[in-house]
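S.K.: Just to be clear, the model below is a prediction. Sequence and coordinates:
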Amino acid sequence: MQNGTILTIDIGTSSTKTALWSADGVILAEAMQAYPLNRPDPLWAEIKGEVWWEAVCGTIKEVLRTANVQPEDVKGVGVDGVSWTLLPVDHFGDPLTPAMIWLDRRAIEQTEALKNHSGAERMVQTSANPIDPAYITPKLLWLKENQPEIFEQARYFMGSTGYIVSQFTGEFTCDFTQAYGYHFFNMKKTTWDAELAAEIGIPLEKMPRLCAPSDVVGAVTQKAAVQTGLCLGTPVIAGCLDAAAGALGAGVTLPGQTNEQGGQAGGMGISVEQVVVEPRLIFSHHVVPGQYLLQGGTVGGGSLGWFRDQFGQAETSLGPLIEQNVFELFSLQAKLSTPSANGLIFLPYMAGERTPLWSNTVRGTFFGLSYASTRADMLRAIMEGVAFSVLDNLQVAQEHGVRFDSFLGSGGATNSAVWCQIKADVYGKPFVVARRADGGEGGHGLGLFTLTAYGVGLCDDMGACVRDLLPKQVVYEPNLQNHASYLELFQIYRSISRKLMDDFVTLDRWKKKFSS
C-alpha cells in the first residue's frame, strides 16, 4: 500500500453511508445521512436523485472535517448502490423523474408483456436473469408507455451507482455488476445486445457505456469539487452493485465461496466461474475479474424489526437502561427455545418474496401455533424462518451442481451468536464471521474500499487485500443432529410456502376489493 486516503460511498435504500479510509484500510471517519422512501402507491418505491447527491455531498464534507484530512490526500472515490434502479437524466445529467428503485413493482403489465414476447426466452438466456417487475427492463417499458415525454427527453437511463459517478465526473457509465437489471445485457460478452434492445423497444443510444467496476472512468469536475469539497481531478472508479461490494467485503474472493447477507434485504451470493441461467435466482458479475455471483434475494431480514416495533416495547425500553441492544435481548430469549422452535414455523414473507418464489402476494405466516407456544418460540421461529428462506435458494443452486463448503456472514444479523449458530445448523456448513482488526465487520464498505484501492493502483490483489483486512474470525460449526432435524422441518416449510401461494393471491384480491 501507498500513502493517501480512499473515499467510499454506499447508496442505500434508506440512507447514504460515506467512509474515509487510510491507504492500509483503517476507517478514519464515517458519516450517514438518511432520507425517506416515497411510496405514492403501494407498488411504487421512489427516491429523488437530487436527494442522493445532497446526501453524498453532505457526508463527504463531514468525513473530511471529522478526520481532519486535506482533500488533496484523497487518492480515489468509489461508489456502490442499490440495484434494479431506473433514473432517466437529461443531457446535463439532471434527473427527469425520481428514481424507481429495486422495491418498485409498478411494471406488472409490462412484465407480463415481456414474458409473452417472442424473444422472452432469449432475454432470459442472454441476461441470465428472470423477467420480473423489480428489474429495470419492465420499468423502462412502463416509463415509455406512461410517461412517453420523459422517455423521449431522457439522454441516458442511469442506475444508482452510475448516476452518482456522473455527478462526480460528467461521465455516464454502467458497471458490469449493475447491468444485470437489463434483459438486453449480454452476461457472457459484457455488451449491450442491440438486436434484443431493438425488439424490446429501447434505443441503445440512451444507454450509458459499460465499464468494469474497478475502471477509473473519470475525475472530479470543477462543479463537483465545489459541491463536495474534493479536489478537482480526483480519480473516480465505475463502482458496483452493493451486493457485489458486500460479497467482496465479506471475503468472497474465490470461486465457491459464499456470502450470506443478514440484513433488511438478505440472501446469499455464491461466486462461480461460469454463467448459470436459473430464472428462480439472480445472476450478476462479481467485482473480482472472471467471477460471477449466483444470488438469492430475500426480504425476511426485517422480520425481527417488525417484531420489535409491534411486540418489543419492553425490550426497547429496557435495552438502554442495561446497555443492551434490543436484538441481543431477543437473541437471549430465542436461546431459551429449542432448535426447531418446538415445531413452530415462520414464513418470513413480510413484503412478498423475491427468490425463488418471485411473488408480490405471499405474506408472513406463523404455522403451528398452539397454547404451548411461547414468545421465545416465536422469536426463534423468526430466526429459523429467515435461514430457511436462504436454504430455499441454496437448494436451487445445488440443482446446478454449485457447491459451497462454508458461509461468510455479513450484515447486522452477524451480531447475534444465536442466529449465527442457527444458520450453521440449518445450512449444515460452518458459518464464518470475519471482522476487521478494530472489530468492525467487513461488508459493503470494506469491499468498496478494496475495489477502489485496486482501481486507483493502491493495491494489486483484491483477494489478498480483503484477507489481510479481516484477521478476526469466529467460526460457528454446525450441530449435525440439529441439521438433520432442520432438514426435516424445512420440507414442511417448503411445502406450506408453495401450497399457500394461491391462497395468498386470493387474499390479496380480497384486500384490494375491500380497500377500494
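M.R.: Received, thanks.
S.K.: Would you indicate which residues of stretch 368-378 are buried?
M.R.: In terms of neighbour count (16 or more other Cβ atoms under 10 Å), stretch 368-378 has its buried residues at 368, 373, 376, 377, 378. C-betas here are computed from N, CA, C, even on glycine.
S.K.: CA-only coordinates of it in PDB, if you can.
M.R.: What follows is stretch 368-378, C-alpha atoms only, in PDB (Å, rounded to 0.1, in the frame of the first residue of the first chain):
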ATOM      1  CA  GLY A 368     -48.100 -24.500  14.100                       C
ATOM      2  CA  LEU A 369     -49.100 -22.000  16.900                       C
ATOM      3  CA  SER A 370     -50.700 -23.600  20.000                       C
ATOM      4  CA  TYR A 371     -51.300 -22.600  23.600                       C
ATOM      5  CA  ALA A 372     -47.900 -24.200  24.300                       C
ATOM      6  CA  SER A 373     -46.100 -21.700  22.000                       C
ATOM      7  CA  THR A 374     -44.000 -19.200  23.800                       C
ATOM      8  CA  ARG A 375     -42.600 -15.800  23.000                       C
ATOM      9  CA  ALA A 376     -39.200 -17.500  22.800                       C
ATOM     10  CA  ASP A 377     -40.600 -20.000  20.300                       C
ATOM     11  CA  MET A 378     -41.900 -17.100  18.100                       C
END
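S.K.: what does it contact?
M.R.: 307, 311, 333-337, 341-346, 366 (Cβ atoms under 8 Å, 6 or more residues apart in numbering).
S.K.: go with 6 Å
M.R.: Residues outside stretch 368-378 that contact it (Cβ atoms under 6 Å, 6 or more residues apart in numbering) are 333, 334, 336, 337, 341, 342, 343, 344, 345.
S.K.: just stretch 159-166 next, same as before
M.R.: For stretch 159-166, with Cβ under 6 Å, 6+ apart as the criterion, the contacting residues are 11, 49, 56, 79, 81-82, 85, 87, 93, 172-174, 178, 208, 236, 239.
S.K.: still on that earlier bit, now tabulate the buried residues of stretch 368-378 in TSV and tack on secondary structure and pLDDT.
M.R.: Shown next, in TSV, are the buried residues of stretch 368-378 (DSSP: H, G, I helix; E, B strand; the rest coil; pLDDT from 0 to 100):
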residue	secondary structure	pLDDT
368	coil	98
373	coil	98
376	helix	98
377	helix	98
378	helix	98
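S.K.: now, which of these sits nearest residue 18?
M.R.: Nearest to residue 18 among the buried residues of stretch 368-378: residue 378, at 37.6 Å, using Cβ to Cβ.
S.K.: ok, the closest one to residue 447 distance?
M.R.: 34 Å (Cβ to Cβ, to the nearest Å).
S.K.: Now for the buried residues of stretch 368-378: which two are most distant?
M.R.: The most widely separated members of the buried residues of stretch 368-378, counting by Cβ to Cβ, are 368 and 376 (14.6 Å).
S.K.: Neighbours of the closest residue to residue 289 other than its chain neighbours, how many?
M.R.: Setting aside the residues directly before and after it, residue 289 is nearest to residue 212 in space (Cβ to Cβ, 6 or more residues apart in numbering), at 7.3 Å. Applying other Cβ atoms under 10 Å, we find 17 residues neighbouring residue 212.
S.K.: Against residue 243, how distant is residue 212?
M.R.: 17 Å.
S.K.: do residue 210 as well
M.R.: 19 Å.
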